[in-house]
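Q: What follows is a predicted structure for the sequence shown.
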Amino acid sequence: MTDVTFCQNAYLCAEGSSALVIVTEWDAFRALDLARIKDALSEPIIVDLRNIYSPSDMRKRGFRYFSVGRQ
């Protein structure tokens, strides 16, 4: 694959990225250091396709947070 970049962890993946998209319910993604993720992203945007985080909590943390099927 030439158009895919693999990273050793979520933090390296987030570094400089415009947004983080969560597509799995794995415990590793439920336990992210969200302050570290926010610092790594170029924009504090998370798209959560598995609804593992609370929308109100994510907004309090300063993220633009998008989830599926809820507000």
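A: Okay, I see it. Everything numeric here is computed off the predicted structure, so don't read it as measured data. Numbers count the residues shown, from 1 in each chain.

Q: So for the helix or strand of the chain with the lowest mean pLDDT, what gets flagged as buried?
A: Of all regular secondary-structure elements in the chain, judged by mean pLDDT, DSSP states H and E, the least confident is helix 27-30 with a mean of 90. Within helix 27-30, the residues that qualify as buried by neighbour count (16 or more other C-beta atoms under 10 Å) are residue 29. In short, each C-beta sits where N, CA and C put it, glycine included.

Q: Please renumber the chain so that the first residue is 17 from this point on.
A: Right, with 17 as the first residue, what we last looked at is helix 43-46.

Q: quick one: contacts of that helix?
A: 26, 38, 66, 68 (C-beta atoms under 8 Å, 6 or more residues apart in numbering).

Q: Any of those buried? List them.
A: Burial of the contacts of helix 43-46 was assessed by neighbour count (16+ other C-beta under 10 Å); the buried members are 26, 38, 68.

Q: Need the residues you listed in a markdown table (columns: secondary structure).
A: Below are these laid out as a markdown table (DSSP: H, G, I helix; E, B strand; the rest coil):
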| residue | secondary structure |
| --- | --- |
| 26 | helix |
| 38 | strand |
| 68 | coil |
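
Q: Just give me the closest of those to residue 61.
A: Distances from residue 61 to the buried ones among the contacts of helix 43-46, taken as C-beta to C-beta, are shortest for residue 38 (11.5 Å).

Q: which residue is nearest the middle of this protein?
A: The residue lying closest to the centre of the chain (C-alpha atoms, centre = their mean) is residue 36, at 3.8 Å.

Q: Name whatever forms a beta bridge with it.
A: According to DSSP bridges, residue 62 are recorded as the beta-bridge partners of residue 36.

Q: Would you mind measuring from it to residue 43?
A: Per C-beta to C-beta, to the nearest Å, residue 36 is found 17 Å from residue 43.

Q: so where is this structure shaky, pLDDT-wise?
A: 17, 87 (pLDDT under 70).

Q: Quickly note the distance from the closest residue in space to residue 40 that isn't next to it in sequence to residue 85.
A: Excluding the flanking residues, the one nearest residue 40 by C-beta to C-beta, 6 or more residues apart in numbering is residue 66, at 6.4 Å. Here the criterion is C-beta to C-beta. By it, residue 66 lies 11 Å from residue 85.
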